[in-house]
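# dropping a prediction and its sequence here:
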Amino acid sequence: MDASADRVVPPPARQVRAPLSLARVDAAISRSAAAIGLVFFLQSAPVLVAQVGYTDLGWTVAVVGLLVLSLLAALLAAIVRQQVHTANVAFAAVYLLVVLTWPFVVVHPSTDSPWIYYLMTVATGMAAIGLSVQSATVYLIAVPALYAGLRLTESGGGLSPLKAVLDSLYSVMLGGAILILITMLRSAASHVDTAQALALDRYSRAVREHATEAERVRIDAIVHDSVLTTLLTAARADTAAEQTFAAGMASAAIAHLREAALVTPDDGSVVRIALVADGIRDAIKQLSAPFTISVARLGPRAIPSVAGEAMHAAAVQAAVNSIIHAGDTARRRVRITDRDGALHVEVADDGVGFDPDHVSRERLGLRVSIIERLANAGGRAEVRSRPGEGTTIRLRWPAEPPPEPADAADTGEAA
């Protein structure tokens, strides 16, 4: 009988769709708003051309240029996902400036709706994206109200109050609907982000607890099989040969325990780098000497729990070493960043320093607790120090930059 017939074939991995997140919602909203704003601007172009003589020509050219530039900036920012809020606020601010200056440059007043009216909803929508809910609400009410007030004046066409209110009310209603929709989508996405992060943290904690229990069982086995056996053998060793044999067993048992202390089980769980940074910061704050701690803005990226625990332990040990050896007057700092696809932790001081090439092998704090521990987790520790010039320890995970994905041409050739 073919043994392969009893083999269980796992089902093919199902493609998991990217989950809803606040970043994805913001990107979709900003791109949609920029595209719709461009469409609205193109729709107002015929009215703009027809009303060129209604206002000062220099003002018209200047404000149209500013509106186009700010609108294109919002579109570009939405595409590259950089400075999105700033670009949207810029368009809303430019539009407010246009409305404020419009009545002073009117040459031929008209009861027709001016071309700037068609961009009011675009401005309120972009204010909803770039500003807080409270500020966007103020903008939503203030700008249409200002427009309505200007339409009541002679330069604005001298409309009746009812006509002016109806003109601005349309923009308030449409802009309000956009603001409510954006607020609801952002709130839902934020709740999803929070739920996902909480589920990930709980799962990682459960997996770590399981791995810790498995590691405890493994250590118990090492202690039973190596340490206790060695002690019993040493207790019964009467002759020189038996004592030599017991000494060899003791050396092997110490080596087993040392390897067990260095190896952290890779349980497949992950931890967010922001939580790793928080743990390092909280632990160093509890030490007896002050540190200047700076943490750059960290994204939602996660790393293996093995790496996170190794970075945490190595960073704390580096800080402890600084307190012990750098001197009481040394200034100490810790910097945590996420760049080049790696988590970086730098622990530095301006203390007495030392020569790394002449550190005794009996001092395990640097060699074992920092360098070897991080190397076993796939990271790298770099020690820079000279007598009298302080010490800098740079920790990095992973040790090397992640490989760049092959381009389409390479993929095609490989296929």
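Right, received. Where do you want to start?
# give the contact list for the residue minimising distance to the centre of the chain.
In the chain, the residue lying closest to the centroid (CA atoms, centre = their mean) is residue 299, at 1.0 Å. If you count contacts by CB atoms under 8 Å, 6 or more residues apart in numbering, residue 299 has them with 273-274, 338. Every residue, glycine included, has its C-beta placed from N, CA and C.
# turn the residues you listed into a markdown table, including distance to residue 292 and pLDDT.
As requested, the contacts of residue 299 are exported to a markdown table (distance: CB to CB, whole Å; pLDDT from 0 to 100):
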| residue | distance to residue 292 | pLDDT |
| --- | --- | --- |
| 273 | 20 | 89 |
| 274 | 20 | 87 |
| 338 | 19 | 89 |
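# give me the buried entries from those.
By neighbour count, with 16 or more other CB atoms under 10 Å, the contacts of residue 299 hold 273-274, 338 as buried.
# please enumerate the helices of the stretch 201-350 of the chain.
229-236, 240-262, 273-285, 305-325 (DSSP state H, counting those that start in this stretch).
# of all the ones you listed, which lies closest to residue 144?
helix 273-285 (41.0 Å; CB to CB).
# what are the contacting residues of that closest one?
201, 291, 293, 295, 298-303, 308, 311-312, 315-316, 319, 334, 336, 338, 343, 345.
# ok, residue 152 touching residue 161?
Yes: counting by CB atoms under 8 Å, residue 152 touches residue 161, with 6.6 Å between them.
# between the two, which one's more packed in?
residue 152 (15 against 10; other CB atoms under 10 Å).
# and that one, how far is that from residue 172?
16 Å (CB to CB, to the nearest Å).
# how is this structure divided into domains?
Annotated domains of the chain cover 22-195, 204-262, 270-397 [automatic domain parsing].
# looking at the helices of the stretch 201-350 of the chain, which has the lowest confidence?
Ranked by mean pLDDT, those bottom out at helix 240-262, with a mean of 67.
# closest to residue 38 among the buried ones among the contacts of residue 299?
So of the buried ones among the contacts of residue 299, ranked by how close each gets to residue 38 (CB to CB), first place is residue 338, at 34.7 Å.
# identify the residue spatially nearest to the closest one, adjacent ones excluded.
Sequence neighbours aside, residue 298 is the residue nearest to residue 338 in space, at 5.0 Å (criterion: CB to CB, 6 or more residues apart in numbering).
# cool, residue 293 as well?
Residue 293's closest residue in space is residue 334 (CB to CB, 6+ apart), at 4.7 Å.
# run a quick neighbour tally on the one you found.
Using other CB under 10 Å, residue 334 has 25 neighbouring residues.
# and what of residue 32?
13.
# the one 5 residues further on now?
Burial of residue 37, expressed as a neighbour count using other CB under 10 Å, amounts to 24.
# go on, residue 251?
11.
# from residue 244, how far off is it?
11 Å.
# please apply the same query to residue 86.
Per CB to CB, residue 86 is found 76 Å from residue 244.
# where's residue 194 relative to residue 55, distance?
From residue 194 to residue 55 the distance is 50 Å (CB to CB).
# ditto for residue 285
Per CB to CB, residue 285 is found 61 Å from residue 55.
# then residue 334?
59 Å.
# circling back: compare neighbour counts for residue 194 and residue 55 and give me the winner.
Between residue 194 and residue 55, counting by other CB under 10 Å, residue 55 is the more crowded of the two (22 against 11).
# the more buried one contacts residue 105, doesn't it?
Yes: counting by CB under 8 Å, residue 55 touches residue 105, with 4.8 Å between them.
# secondary structure element for residue 92, which one?
Here residue 92 sits within helix 84-101, counting by DSSP states H and E.
# next helix or strand past that helix?
Past helix 84-101, further along toward the C-terminus, the next helix or strand under DSSP H and E is helix 120-130.
# between that following helix and helix 84-101, how big is the angle?
Angle of helix 120-130 versus helix 84-101, following axes from the mean of the first three to the mean of the last three CA atoms, to 10 degrees, is 140 degrees.
# what is the neighbour count of residue 271?
Quick note: residue 271 (other CB under 10 Å) scores 23 neighbours.
# can we start the residue count at 6 from this point?
Understood, numbering begins at 6; the last thing we discussed is residue 276.
# for it, list each beta-bridge partner.
Judged by DSSP bridges, the bridge partners of residue 276 are residue 308.
# surely it meets residue 313?
Yes: Residue 276 lies in contact with residue 313 (CB under 8 Å); the separation is 4.3 Å.
# for residue 350, name its beta-bridge partners.
For residue 350, the beta-bridge partners under DSSP bridges are residue 341, residue 400.
# same thing with residue 389?
residue 397.
# residues near it, how many?
13.
# which ones are touching it?
361, 396-399.
# picking that back up, who are the packing partners of the helix holding residue 97?
Under the contact definition 3 or more CB pairs under 8 Å, 6 or more residues apart in numbering; DSSP states H and E, helix 89-106 sits against helix 27-55, helix 62-85, helix 125-135, helix 138-157.
# send the alpha carbons of it over as PDB?
Taking Å, rounded to 0.1, in the frame of the first residue of the first chain, the C-alpha atoms of helix 89-106 are listed here in PDB:
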ATOM      1  CA  VAL A  89      -2.700  64.700   3.500                       C
ATOM      2  CA  HIS A  90      -4.200  66.800   6.300                       C
ATOM      3  CA  THR A  91      -1.900  69.700   5.600                       C
ATOM      4  CA  ALA A  92      -2.800  69.700   1.900                       C
ATOM      5  CA  ASN A  93      -6.500  69.600   2.600                       C
ATOM      6  CA  VAL A  94      -6.400  72.400   5.200                       C
ATOM      7  CA  ALA A  95      -4.400  74.400   2.700                       C
ATOM      8  CA  PHE A  96      -7.100  74.200   0.100                       C
ATOM      9  CA  ALA A  97      -9.800  75.100   2.700                       C
ATOM     10  CA  ALA A  98      -7.700  78.100   3.800                       C
ATOM     11  CA  VAL A  99      -7.200  79.300   0.300                       C
ATOM     12  CA  TYR A 100     -10.900  79.100  -0.400                       C
ATOM     13  CA  LEU A 101     -11.700  81.100   2.800                       C
ATOM     14  CA  LEU A 102      -9.200  83.800   1.600                       C
ATOM     15  CA  VAL A 103     -11.000  83.900  -1.800                       C
ATOM     16  CA  VAL A 104     -14.400  84.400  -0.200                       C
ATOM     17  CA  LEU A 105     -13.100  87.100   2.100                       C
ATOM     18  CA  THR A 106     -11.500  89.100  -0.700                       C
END
